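can't give you the sequence, but here's the structure:
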Ligand code: AMP
Ligand code: MG
């Protein structure tokens, strides 16, 4: 069975690191970053200069980029496609779904994975990441975002019929988390 794994998590949980670990444990797996596809399109339209400006644009514009990225991913073939993306985006118009019905259906995920971390670890990672323009939010808001992510995850799972997995990415345990996910994905084949 071809695997299509959608990996999600709020900014700063260490999702990208976990995803890279999963890809290196799955020979032939392709990694696709949803935000990069959106950013490439937005940059060539001269809408933004960096990826953290995307979420500041009017939602109508973001929707156009989102649909474009989803249709590119929908066409990707391969033994295993791993998608690094978000369940929701904190926009100026409110929390906006990263995986609305048409988008998540088009990607046809076989598995959903939510990466979580403690609010303290998320705050530390966000402020340490100088390559990004991360929003700094209060610890209470991080707790709220973590809870919100679980609700959005259940919706995506229900819309697609794909099983959902929740993993805790504790500091220094990225390798362990990635190996556990590779093992879980191996069950799809046996
Ligand atoms: P990332 O590098 O994963 O943080 O992605 C960069 C940016 O791309 C995010 O801050 C969002 O603005 C956008 N993005 C990524 N995935 C999605 C999605 N599924 N729906 C809408 N916007 C997204
Ligand atoms: Mg990332």
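Received it, and whenever you're ready, just let me know what you need. Note that the structure is a prediction, hence the values are computed from the model and not measured. Ligands and ions are numbered 1, 2, ... in the order given.

which strands and helices sit next to the longest helix along the chain?
Ranked by number of residues, the top helix in the chain under DSSP state H is helix 139-160. Helices and strands touching helix 139-160, by 3 or more C-beta pairs under 8 Å, 6 or more residues apart in numbering; DSSP states H and E, are strand 3-8, strand 88-91, helix 101-107, strand 111-116, helix 119-128, strand 164-168. In short, each C-beta sits where N, CA and C put it, glycine included.

and stretch 112-121, how far from the chain's centre?
11 Å (C-alpha atoms, centre = their mean, to the nearest Å).

brain fart, stretch 43-59
18 Å.

wait, does it contact ligand 1?
Yes: counting by C-beta under 6 Å from any ligand atom, ligand 1 is contacted by stretch 43-59 at 51, 54, 55.

and the residue of the chain found nearest ligand 1, what element?
Proximity of the chain to ligand 1 (C-beta to the nearest ligand atom) peaks at residue 35, 2.1 Å away. Secondary structure from DSSP states H and E places residue 35 in helix 34-44.

what is the orientation angle of that helix with strand 3-8?
70 degrees (axes from the mean of the first three to the mean of the last three C-alpha atoms, to 10 degrees).
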